[in-house]
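> below are the sequence and a predicted model for it; my questions follow.
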Amino acid sequence: MDDSRCRAHLLGAICAVLSLSFVPALGAQEPPSQPPEHWGPTAIDYSNVPYPHPVSFLELQLFGKQLRMAYMDVAPVAESNGQTVVLFHGMNFFAAAFRPTIEALTHGGFRVIAIDRLGYGRSSKPIIHYNLHMPARNTRALLDELGIKRAAIVGHSMGGMVATRFAATYPESTTHVVMVNQIGLTDPRRTGGWRDPDELTSRVRETSYQSVLRQHRRYYPAGWKPEYLEWVKYQYGLTLGGDWSRMARVRAAQMQILFEDPVVYEWQFITTKALVIGGAEDRLSADFPAAARHVAQSLQNAELILFPGVGHAPAFEIPDEFHAALLSFLKSDPLAPAEQGWREMQN
């Protein structure tokens, strides 16, 4: 069976079960109601947080500041296919959370660049006015530094917004673009007002273990697994360190991006072959399947894959199924038309 038929078969199998009712997984566990006593602070530079691969840095200058953007450059484990994939993380994660995706991609023959955007992970945490142009430009500079002319761009959650901006700004550098449970699917300026940064920072400073845990529990409709707690630990740990006041300002500035720099008007101009993919039960959206379908319809050449009963983080909930679909798309001919079988499905 050729690649196009395999991918059509995979898409059809996924879409065929979209109408099934969701049943929570048996044996789902509950996370601890209080943070474990042995947890300590997360260093603002994440120097005490393990990464699955060596971390390098790109030196940057922005707003007159000398900054560093951290990234992992991971060589393929299997025979190289000559292709590179760039990974953008979401608001409540960082590059190390792509551990299972990096493993799947490198075993598929891809070189992988997993980036900590400014304000996250081991990258610098400047107090500046953030926007999505910055990570797009910084990534293009990194690819130039590494001698990479073209790459596939994959973004999860808020990283999907960065992937959108990169593909719209640098089409000549983008072979494929993938939006995994992207947020920012509507323009918030039409439904709400602008918030004062100081007020937003004050709210962020009130972050607790319980508030972080609530955020992460929303990602997993099938129930909690103990391994999910790792990402709660690092995010909550920031509140325990002496740099929390600074980090709260940085997080508030990142949150402001959602209101001030939407990407909803850019999909229509993206000609790069695209994949809109994610868990259909994403609780971060009132109706994620409808919103994802709108994104796919807005793009000029897109595929759509939704996983029933899965939430905001399919790479954690269903790693085998998710990565099989991702690899199939990334291995496809970037110049070939995207699979359109999803258009025959009901909204």
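Nice, I can see it.

> buried residues in the lengthiest helix in the chain, which are they?
When the chain is parsed with DSSP state H, its longest helix is helix 244-260. Buried residues in helix 244-260, counted by 16 or more other CB atoms under 10 Å: 244, 247-257, 259. All C-beta spots, glycine's among them, are computed from the backbone N, C-alpha and C.

> over to stretch 208-223?
Tyr209, Val212, Leu213, Gln215, His216, Arg217, Tyr219, Tyr220, Pro221, Ala222.

> can you check stretch 273-290 too?
Buried residues in stretch 273-290, counted by 16+ other CB under 10 Å: 273-282, 284-285, 288-289.

> also stretch 174-191?
Thr174, Thr175, His176, Val177, Val178, Met179, Val180, Asn181, Gln182, Ile183, Gly184, Leu185.

> let me have those in CSV, extended by pLDDT and distance to Ile148.
Shown next, in CSV, are these (pLDDT from 0 to 100; distance: CB to CB, whole Å):
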residue, pLDDT, distance to Ile148
Thr174, 98, 11
Thr175, 98, 11
His176, 98, 14
Val177, 98, 16
Val178, 98, 17
Met179, 98, 21
Val180, 98, 21
Asn181, 98, 26
Gln182, 98, 23
Ile183, 98, 27
Gly184, 96, 26
Leu185, 96, 29
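
> turn the residues you listed into CSV, columns for distance to Pro52.
Formatted as CSV, those follow (distance: CB to CB, whole Å):
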residue, distance to Pro52
Thr174, 25
Thr175, 24
His176, 23
Val177, 24
Val178, 20
Met179, 23
Val180, 19
Asn181, 22
Gln182, 24
Ile183, 25
Gly184, 28
Leu185, 30
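
> in strands only, show me the residues you listed.
Thr174, Thr175, His176, Val177, Val178, Met179, Val180 (DSSP state E).

> name the nearest of these relative to Gln297.
Distances from Gln297 to these, taken as CB to CB, are shortest for Met179 (13.2 Å).

> make sure that closest one is actually in contact with Phe288.
No - using CB atoms under 8 Å, Met179 is not in contact with Phe288, being 11.8 Å away.

> find residues that contact each of the two.
Gly278 (CB atoms under 8 Å, 6 or more residues apart in numbering).

> so what's the nearest residue to Tyr130 once chain neighbours are set aside up against?
Leaving aside its sequence neighbours, Tyr130 sits nearest to Ala253 (CB to CB, 6 or more residues apart in numbering; 5.0 Å). Neighbouring residues of Ala253 by CB under 8 Å, 6+ apart: Gly119, Ile127, Ile128, His129, Tyr130, Pro197.

> filter the residues you listed down to the buried ones.
Gly119, Ile128, Tyr130.

> any chance of TSV for these, columns distance to Gly147?
What follows is these, written out as TSV (distance: CB to CB, whole Å):
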residue	distance to Gly147
Gly119	27
Ile128	29
Tyr130	28
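
> what distance do you get for the nearest residue to Leu330 once chain neighbours are set aside to Gly193?
Leaving aside its sequence neighbours, Leu330 sits nearest to Ala152 (CB to CB, 6+ apart; 5.3 Å). Per CB to CB, to the nearest Å, Ala152 is found 37 Å from Gly193.

> the two - which one has more neighbours?
Ala152 (27 against 7; other CB atoms under 10 Å).

> and stretch 76-91, how far from the chain's centre?
Computed by CA atoms, centre = their mean, to the nearest Å, the chain-centroid distance of stretch 76-91 equals 14 Å.
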